[in-house]
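Chemist: model the following, please.
(one chain, ligands or ions: 1)
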Amino acid sequence: SADSSESSTPELEKCGLLNKTKIAEGGRKLRKNWNPSWVVLVGNSLMFFKDPKSQTLQSWKPGNSKPESSVDLRGAQLRWANDMSSKKNVFRLRTVTGNEFLLQSDTDSVTREWFNTIHNVIEKLDRD
Ligand code: I3S
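Modeler: Residues are numbered from 1 along each chain as shown. Take a look at the predicted model:
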């Protein structure tokens, strides 16, 4: 029998802090503006929240607050983009609507985990 909680609530894949800058909106280039962002990957959506204070972070739940922006990962492209910044560990996410983001963390393992997790979700959606 169908489990309603499973079908109505997409899986929380990953959340954490990354540095983020949006570099294009609908294919139009934007000026970089790097800021820390609380990033949440739920189902097909990558959501960006305001960088929370550390105590808020402990009790953070997806339903409690509204994302500043949200990205549909279906058909999105992901690639390493160290050529696009002086920072280390930079990768670029481009949506089908032509929105582009650079994401980055100074911690190699953190960045790699994020890249791999987002990559896996995109590949899974490509197979649907
Ligand atoms: O690719 P760019 O233009 O060298 O990116 C840098 C600039 O956007 C800079 O801002 P202003 O030129 O508006 O002051 C940012 O502060 C830098 O962070 C950008 O470069 P990095 O290498 O950090 O992505």
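Chemist: next, the buried residues of the strand ranked longest in the chain.
Modeler: Using DSSP state E, we find that the single longest strand of the chain is strand 12-25. Residues of strand 12-25 classed as buried: 14-15, 17-23 (neighbour count, 16 or more other C-beta atoms under 10 Å). Quick note: C-beta positions are derived from backbone N, CA and C, even for glycine.
Chemist: residues in contact with it?
Modeler: By C-beta atoms under 8 Å, 6 or more residues apart in numbering, the residues outside strand 12-25 that reach it are 29-30, 32-43, 48, 51, 60, 62, 69, 84, 87, 92, 94, 98-105, 110-111, 113-114, 117, 121.
Chemist: try 7 Å this time
Modeler: Outside strand 12-25, the residues within contact range by C-beta atoms under 7 Å, 6 or more residues apart in numbering are 29-30, 32-42, 48, 51, 62, 98-105, 110, 114, 117, 121.
Chemist: gap between that strand and the chain center?
Modeler: Taking C-alpha atoms, centre = their mean, to the nearest Å, one finds the center of strand 12-25 at 4 Å from the center of the full chain.
Chemist: hmm, Leu125 is touching Arg74, no?
Modeler: Yes: if you go by C-beta atoms under 7 Å, Leu125 and Arg74 touch, sitting 4.7 Å apart.
Chemist: joint contacts of these two?
Modeler: Common contacts of Leu125 and Arg74 (C-beta under 7 Å, 6+ apart): Asn44.
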